[in-house]
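J.: The sequence and its predicted three-dimensional model are supplied below.
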Amino acid sequence: LPLRTNLGFLLPPKANTNSTRVVGGRPCTPRSQPWQAALFKDLRLRCGGTLVHPRWVLSAAHCYAQGPMMVRLGEYDLGRLDGTEQFRLVNRLVRHPRYNHTAKEHDLMLVQLRRPANLGPAVRVLPLATRCPAAGTPCLVSGWGTTTSPQGMKPNQRGRGPKWWLGPKMVGEPMGMGFFVVVCQWVDPKGGDLGPK
């Protein structure tokens, strides 16, 4: 299954990489990002991710943890059940073979779900691009991180950041298993909400 997409952390060409938050975001409309996933370890939100196949979530390699993990799909408000949630145990974690924690390179991980997601209005696989996006293509980030300041409280409701544009020096990286991921630079876009969106 050849996949070409613009998953990853995206920075505008002149972004300040010292600032690790996307400030100015706003709450999402429920079901507006049905591919958004939340990875939990010991009942705590660890990272965000993207449903790229009914049994696979793409996240960040630094989110790896030993022991049982759970993925929540169809999630909007972490503080209450909406009736759209699906809970899936993680079967295995596959970090990028060239992941380098110190350099923050190849920070990608595939998360295999023990059972496939039930696709519907609240849970969908990310619609994939049919060609590589051009420089200047608008992109969005989403997740459950802070949108008010780097020190702000993290909201229960999923939010989205302002539109970002793909820069002219994007690099494609074959990841194996048929995935082709475009990532330009590391950033924690949502104040602790880590993982490709």
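T.: Yep, that arrived. Numbering: from 1, shown residues only.
J.: now the helices for this structure?
T.: Secondary structure of the chain, counting by DSSP state H: no helices present.
J.: pLDDT weak spots in this structure?
T.: Applying pLDDT under 70 to the predicted model, the residue ranges of the chain that meet it are 1-25, 136, 138-140, 145-197.
J.: all strands for it, in order.
T.: In order along the chain, the chain carries the following strands (DSSP state E): 3-5, 26-27, 36-41, 44-53, 56-59, 70-73, 86-95, 109-113, 138-139, 142-143, 159-160, 164-165, 171-176, 179-183.
J.: Summarise which helices and strands the third one is packed against.
T.: Just to be clear, that refers to strand 36-41. Contacts defined by 3 or more CB pairs under 8 Å, 6 or more residues apart in numbering; DSSP states H and E place strand 36-41 against strand 44-53, strand 56-59, strand 70-73. Where C-beta positions appear, they are placed from N, C-alpha and C, glycine not excepted.
J.: Partner strands of the longest one and their direction?
T.: For strand 44-53, the pairing partners within the sheet under DSSP bridges are strand 36-41 (antiparallel), strand 56-59 (antiparallel).
J.: so can I have JSON lines of these showing mean neighbour count and distance to residue 27?
T.: What follows is the strands paired with strand 44-53, written out as JSON lines (neighbours: other CB atoms under 10 Å; distance: least, CB to CB, whole Å):
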{"stretch": "strand 36-41", "mean neighbour count": "24", "distance to residue 27": "13"}
{"stretch": "strand 56-59", "mean neighbour count": "26", "distance to residue 27": "22"}
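J.: Can I get those strands in CSV including distance to residue 123?
T.: What follows is the strands paired with strand 44-53, written out as CSV (distance: least, CB to CB, whole Å):
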stretch, distance to residue 123
strand 36-41, 9
strand 56-59, 11
